[in-house]
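A.B. asks: Quick one: sequence plus predicted model below, questions after.
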Amino acid sequence: MSEKAPARERLLKAAAELFYRDGVSATGIDAITAHAGVAKMSLYNNFSSKTDLVNAYIEARHREWQDLYRERLAHAATPRDRVLAIFDSYVDHAEMAYSWGFRGCGLLNAAAELSVGDPARDIVASQKDEVETLFKQYLAEMKPDAGAAIDETAEHLSFLLEGAMSRAGLDGHDARLKTARRIAISIMDQL
């Protein structure tokens, strides 16, 4: 990143890389400011605390996924394509993290380190709810008469996707996500 980028942007980029690569708890303020190439005071001029920076990181990561999803969605012609666009957006998000050492879902990784009741965990939960709601919407468009099977299938797809992302993070590559996409097609064929 250019040294002319605003300090806030540089701090967020540095925090995103370090939080993802090393974990939220293991990443100190000094490491973030050094990685961003800014003075420590710049951090406190832009964020009230490390917690504020963590929240900004999680919100930015959520927006990052939404942007990737919308790019995939723009090319999805059918409800089935739109379900698969969600799976593809997760593969895209994985590819963005390879230079940092792919560790799976950055949102879930961060949430695992935060205490119960931390507002940032709500942001992570809302992203997971958002994905399941999108599955419900597209499945209902695909099979309007499927009734209760829509909710159950959407939950299965959600578990499949998040489980595949967890395994992919352990493996360090996206093969599990690509397998999950194939399984999702099979699940939709049986709806």
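C.D. replies: Received, thanks.
A.B. asks: OK, contacts around Lys136?
C.D. replies: Counting by C-beta atoms under 8 Å, 6 or more residues apart in numbering, Lys136 touches Ile150, Asp151, Ala154. (C-beta placed from N, C-alpha, C; glycine too.)
A.B. asks: immediately after whichever strand or helix holds the last one, which helix or strand?
C.D. replies: In this structure, Ala154 is located in helix 149-171 according to DSSP states H and E. Counting by DSSP H and E, the next helix or strand C-terminal to helix 149-171 is helix 175-189.
A.B. asks: now that next one: mean pLDDT?
C.D. replies: Averaged across helix 175-189, pLDDT comes to 97.
A.B. asks: After whatever helix or strand Asp92 lives in, which helix or strand is next?
C.D. replies: Assigned by DSSP H and E, Asp92 belongs to helix 79-97. Elements were assigned by DSSP H and E; along the chain past helix 79-97, the next helix or strand is helix 106-113.
A.B. asks: Let me know the angle separating the next helix or strand after that next one from helix 149-171.
C.D. replies: As assigned by DSSP H and E, the chain's next helix or strand after helix 106-113 is helix 119-142. Computed by axes from the mean of the first three to the mean of the last three C-alpha atoms, to 10 degrees, the angle separating helix 119-142 from helix 149-171 equals 130 degrees.
A.B. asks: list the buried ones in helix 119-142?
C.D. replies: 120-121, 123-124, 127-128, 131-132, 134-136, 138-140, 142 (16 or more other C-beta atoms under 10 Å).
A.B. asks: before we move on, the earlier item: from the contacts of Lys136, which would you call buried?
C.D. replies: Those of those that meet the buried threshold are Ile150, Ala154, by 16+ other C-beta under 10 Å.
A.B. asks: Go through the helix or strand of the chain with the lowest mean pLDDT and flag the buried ones.
C.D. replies: One helix or strand of the chain scores below all others by mean pLDDT, DSSP states H and E: helix 40-46, with a mean of 93. Burial within helix 40-46, assessed by neighbour count using 16+ other C-beta under 10 Å, is assigned to Ser42, Leu43, Asn46.
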